[in-house]
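Undergrad: Provide a 3D model corresponding to the input given below.
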Amino acid sequence: MKNIKLTTPFNTLNDYFYSKVNTTKLSNPKLISVNKSLAKELGFSDDDINSEDFINMINGTYLPNGGQYYANAYAGHQFGYFVPQLGDGRAINLGKLNNYNLQLKGAGSTPYSRNGDGRAVLRSSIREYLLSEAMQGLGIPTTRALGIINSTSTAYREITEPCSIVLRASTSWIRFGSFEYAYIAKDNIKQLTNLANFVIDESYYELKNIPNKYEEMYFKIVDKTIDLMVHWQSIGFMHGVMNTDNMSIEGLTIDYGPYAFMEEFSKDYICNHSDTEGRYSFSNQPFIAQWNLSVLAKVLSPIANEKLMNSYNDNFIGKFKDKYYKKIALKLGFIDFTSNDIDFILELFDIMENSSIDYTAFFYFLSSARYDEIISNATYKDEITSWLKLYKIRVSTQNLSMNNRLKNMKAINPKYILKNYILQEIIEQCENNDFTMLNDFLQIAQNPYAEYKEYEKYAMPTPKEKTGYICSCSS
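TA: I've put the predicted structure just below:
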């Protein structure tokens, strides 16, 4: 670990944006999983990740050379309502290593904890640890996770639960809410300028010396957010809490709380128990992303042209739909997508919803030409049977062999998705001090298109009695 050297470029900003903090260690920490591929990418050796120093780093009692414990300050719109100060309530930064900013989640309270204990329980930590790498394995922009420890420390969340810490990593932790926080500063032009310059240096360096660089930065954020929504919607992912403080300026999936992957298809599904009005339902996610970008345009207006930014954002949904339908067409094996296919796709979604068809399993079965299994798992078999007949005619018109089409489809349609019922089984094992499934599913998450015979049942439709698991924001 002596060769690991951190830098703290974020601390070159005015301390308006962060607070130096101390960590609060867990009792009897134990490393239960480490992401060896990310560790190697970051420059950790095998000896490093097998050392006590590595465990102590995650527990907040060993800080590598050059590091500094600090928590970020930001504001945000939570369920549409502005909150002027949020910040890292249970996340503590260490510094930057090989382009990744390292952060401990659950290492104690900060000035932004808002009467919270700064802890993260094992349940939520496992969910974030695995999903970070699952999204990476699916090719979806995301924050990452390097390692996770458990402990004999506990915290109360409806019940008393064991505490854990995840060492997570991201190329940026800056959020739309970071700019909202700069906007409400007394010297907001100065603070916005400093923050925008930092974002350009860290994330959009190619804009550094061009005219209108702040507008161009905004345009890039819009484009990255569109791409992120296309990824989410096409894979059936629901974030659950798309507040502006949970939106990344790099278009990353950030802050894994009450998320879910689609099981039986339902376009208006709500995965967050706290979302009583359905603001963050599956179908609403692209529209909320656009709304959040309008907030970002407003708070950037002291240093950038608001009219130009809003005009660019006005095209969000049109661009999203164009990319989204092309993505779905590829999942269906269409290499010659035309606008005429849109109605065919929408008809499929209606049938899937009416017949309670499992979203991931449908595309997996379709990629293997297992049409009988699609039909057998549908509530109303006639509708999907008729659609499949038309589908076979549609793909037969392409200048592509069936084998090549199925090969293409298998490369985009994962066999394994970490649905909530699977995660719950992993959590229950871990709470009984069995971490086998956790580490096996880390490997599956990192390559969800491969074959894992031991876990074949998890590629099948979610058992009816295990569908509809809804999470709360508590962690």
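Undergrad: and the longest helix for the protein?
TA: Identified as the longest helix of the chain according to DSSP state H is helix 213-235.
Undergrad: Quick one: low-confidence residue ranges for the protein.
TA: Within the chain, the stretches with pLDDT under 70 are 472-475.
Undergrad: Got the domain ranges for it?
TA: 9-170, 176-325 (automatic domain parsing).
Undergrad: So what's the gap between the first one and the chain middle?
TA: What it means is domain 9-170. Taking C-alpha atoms, centre = their mean, to the nearest Å, the mean C-alpha location of domain 9-170 is offset from the chain mean by 15 Å.
Undergrad: what do you get for the last one?
TA: For domain 176-325, the distance from its own C-alpha centre to the chain's C-alpha centre is 13 Å (C-alpha atoms, centre = their mean).
Undergrad: ends of that domain, how far apart?
TA: End-to-end distance for domain 176-325, by C-alpha to C-alpha, to the nearest Å: 27 Å.
Undergrad: Over to the longest one?
TA: Distance between the boundary residues of domain 9-170 (C-alpha to C-alpha) amounts to 14 Å.
Undergrad: which ones are touching the residue nearest to Phe10 when sequence neighbours are not counted?
TA: Leaving aside its chain neighbours, Phe10 sits nearest to Tyr18 (6.6 Å; criterion: C-beta to C-beta, 6 or more residues apart in numbering). Glycine gets a C-beta too; all of them are placed from N, C-alpha and C. Applying C-beta atoms under 8 Å, 6 or more residues apart in numbering to Tyr18 gives the contacts Phe10, Asn11, Tyr70, Ala71, Asn72, Ala73, Asn93.
Undergrad: for the residue lying closest to Trp232 once chain neighbours are set aside, what are its contacts?
TA: Distances taken as C-beta to C-beta, 6+ apart place Gln285 nearest to Trp232, at 6.2 Å, with adjacent residues excluded. Neighbouring residues of Gln285 by C-beta under 8 Å, 6+ apart: Met229, Trp232, Gln233, Met238, His239, Met242.
Undergrad: Specify which member of these is nearest to Gly80.
TA: Distance to Gly80 across these (C-beta to C-beta) is lowest for Met242, with 10.5 Å.
Undergrad: Run through the bridge partners of the residue minimising distance to the centre of the chain.
TA: Centre of the chain computed as the mean C-alpha position; nearest residue by C-alpha atoms, centre = their mean is Thr253, 3.0 Å away. Judged by DSSP bridges, the bridge partners of Thr253 are Thr142.
Undergrad: So it versus His239, what's the distance?
TA: 7 Å (C-beta to C-beta, to the nearest Å).
Undergrad: what do these two both touch?
TA: Common contacts of Thr253 and His239 (C-beta under 8 Å, 6+ apart): Trp232.
Undergrad: Tell me how far Lys267 lies from Ile412.
TA: 21 Å.
Undergrad: same question, Ala134
TA: Using C-beta to C-beta, Ala134 is found at 16 Å from Ile412.
Undergrad: Relative to Asn22, how far out is the closest residue to Ser51 other than its chain neighbours?
TA: Excluding the flanking residues, the one nearest Ser51 by C-beta to C-beta, 6+ apart is Met1, at 6.0 Å. Remark: distance between Met1 and Asn22 (C-beta to C-beta) = 20 Å.
Undergrad: quick one, which of the two is more surrounded?
TA: Comparing Met1 with Asn22 by other C-beta atoms under 10 Å, the one with more neighbours is Met1, at 17 against 11.
Undergrad: Thought Asn56 was touching that one, still the case?
TA: No: the criterion here is C-beta atoms under 8 Å, and Met1 misses it with Asn56 at 9.1 Å.
Undergrad: Tell me the residues that contact both of these two, please.
TA: When contacts are counted by C-beta under 8 Å, 6+ apart, Met1 and Asn56 are jointly contacted by Tyr62.
Undergrad: which one of Lys267 and Ile412 has more residues nearby?
TA: For the pair Lys267 and Ile412, the greater number of neighbours falls to Ile412 (18 against 14), based on other C-beta under 10 Å.
Undergrad: so who does the more buried one touch?
TA: Leu330, Lys331.
Undergrad: Check the secondary structure at it for me.
TA: coil (DSSP: H, G, I helix; E, B strand; the rest coil).
Undergrad: Distance check, it against Lys331.
TA: With C-beta to C-beta as the criterion, Ile412 and Lys331 are 6 Å apart.
Undergrad: Please name the nearest non-neighbouring residue to Arg123.
TA: Excluding its sequence neighbours, the residue lying closest to Arg123 (C-beta to C-beta, 6+ apart) is Ile427, at 5.2 Å.
Undergrad: contacting residues for that neighbour?
TA: Listed by C-beta under 8 Å, 6+ apart, the contact partners of Ile427 are Leu122, Arg123, Ile126, Arg127.
Undergrad: So which of these is the closest to Ile49?
TA: Ile126 (18.7 Å).
Undergrad: Other residues contacting stretch 304-318?
TA: Taking C-beta under 8 Å, 6+ apart as the rule, stretch 304-318 contacts 212, 214-215, 218-219, 222, 225-226, 286-287, 289-290, 293-294, 296-298, 300-301.
Undergrad: Give the ChimeraX command for selecting the buried subset of these.
TA: This is how ChimeraX selects the buried members of the contacts of stretch 304-318, with burial counted by 16 or more other C-beta atoms under 10 Å:
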select :214,215,218,219,222,225,226,286,289,290,293,296,297,300
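Undergrad: so Phe17 touches Asn72, yeah?
TA: Yes: taking contacts as C-beta under 8 Å, Phe17 lies within contact range of Asn72: 6.6 Å.
Undergrad: thinking again about what came up before, neighbour count added to the contacts of Ile427, as CSV?
TA: Converted to CSV, the contacts of Ile427 look like this (neighbours: other C-beta atoms under 10 Å):
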residue, neighbour count
Leu122, 24
Arg123, 21
Ile126, 26
Arg127, 23
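Undergrad: which among those residues gets closest to Ala361?
TA: For the contacts of Ile427, the nearest to Ala361 is Arg127 (21.5 Å; C-beta to C-beta).
Undergrad: any idea which element the closest one lies in?
TA: helix 122-137 (DSSP states H and E).
Undergrad: Just the residues contacting that helix, thanks.
TA: With contacts defined as C-beta under 8 Å, 6+ apart, helix 122-137 is touched by 33, 35, 38, 105-106, 141-145, 148, 150, 161-166, 168, 237, 253, 256-257, 259, 417-418, 423, 426-427, 430-431, 438, 441-442, 445-448, 474-475.
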